[in-house]
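*Asks:* coords please:
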Amino acid sequence: MLGSAISTESDTVESETVSTESPSALSEEEVFEVLSHRRRRYALHYLVESGETELGDLAEHVAAWENDKRIEDLSTGERKRVYCALQQSHLPKMDTAGVVEFDKRRGTIDPSDAVEDLDIYMDVVRGDEIPWSKYYVGLSAVAAALVGALWVGAYPFSLLSDTAWAAFLTTMFGVSALVHHYHAREMKLGAGETPPETDRE
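*Replies:* The predicted model follows:
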């Protein structure tokens, strides 16, 4: 993700888009800036999943996720607040960064080619969970302690053969990797019906 281009705001008679061009690639700074606000993350999730959409549909889904409600249960005020914020602030910022193409006059938003090439994962950790990085550090420490016990022939570890313990360690890391892979897929923006954050709250 190298290189970026910032476009100036331009409302033309033909399309009235916020910016005239989108960069072919996004810098890390631009990606982090877009992802720094939850409302933009929700919007990006819906756009990656659904493709080009209208502002009204996008606002309804974002409002529903924010308020933890079904779309039909949203109040007029809840819809309007999100609609106005997306239209006036978030979508212009996302367009300028090259993440989306926002057509003001038509009220349509389309994810750019650059963002479709991104794999964006959210590392959401609840209070009763530990990050995967710390999990693997702990798992490695357990494996190292086990190898040390086998090296000195400590009881009861010496009751099993080295081959059996090697198979156990391989299985332990293999299962952990599979679970981590599944977890990562679930935490990818645009991979499911709802954003990763809403599933973890």
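
*Asks:* CA atoms for contacts and neighbours, from now on please.
*Replies:* OK.

*Asks:* what about residue 155, how many residues nearby?
*Replies:* By other CA atoms under 10 Å, 10 other residues sit near residue 155.

*Asks:* would it count as being in a strand?
*Replies:* No: with DSSP: H, G, I helix; E, B strand; the rest coil as the criterion, residue 155 is located in coil rather than a strand.

*Asks:* angles on the backbone of it, please.
*Replies:* Residue 155 adopts backbone torsions of phi -90, psi 140, taken as degrees, to the nearest 10.

*Asks:* domain assignment for this protein?
*Replies:* The chain breaks down by automatic domain parsing into domains covering 28-116, 132-200.

*Asks:* what packs against the helix or strand hosting residue 46?
*Replies:* Under the criterion DSSP states H and E, the helix or strand holding residue 46 is helix 38-50. Helix 38-50 is packed against helix 28-35, helix 55-67, strand 108-111, with contacts defined by 3 or more CA pairs under 8 Å, 6 or more residues apart in numbering; DSSP states H and E.

*Asks:* make CSV out of those and add distance to residue 74 and mean neighbour count.
*Replies:* Converted to CSV, these look like this (distance: least, CA to CA, whole Å; neighbours: other CA atoms under 10 Å):
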stretch, distance to residue 74, mean neighbour count
helix 28-35, 25, 16
helix 55-67, 7, 19
strand 108-111, 22, 20
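
*Asks:* so which of those gets nearest residue 144?
*Replies:* helix 28-35 (36.0 Å; CA to CA).

*Asks:* who are the packing partners of the closest one?
*Replies:* helix 38-50.
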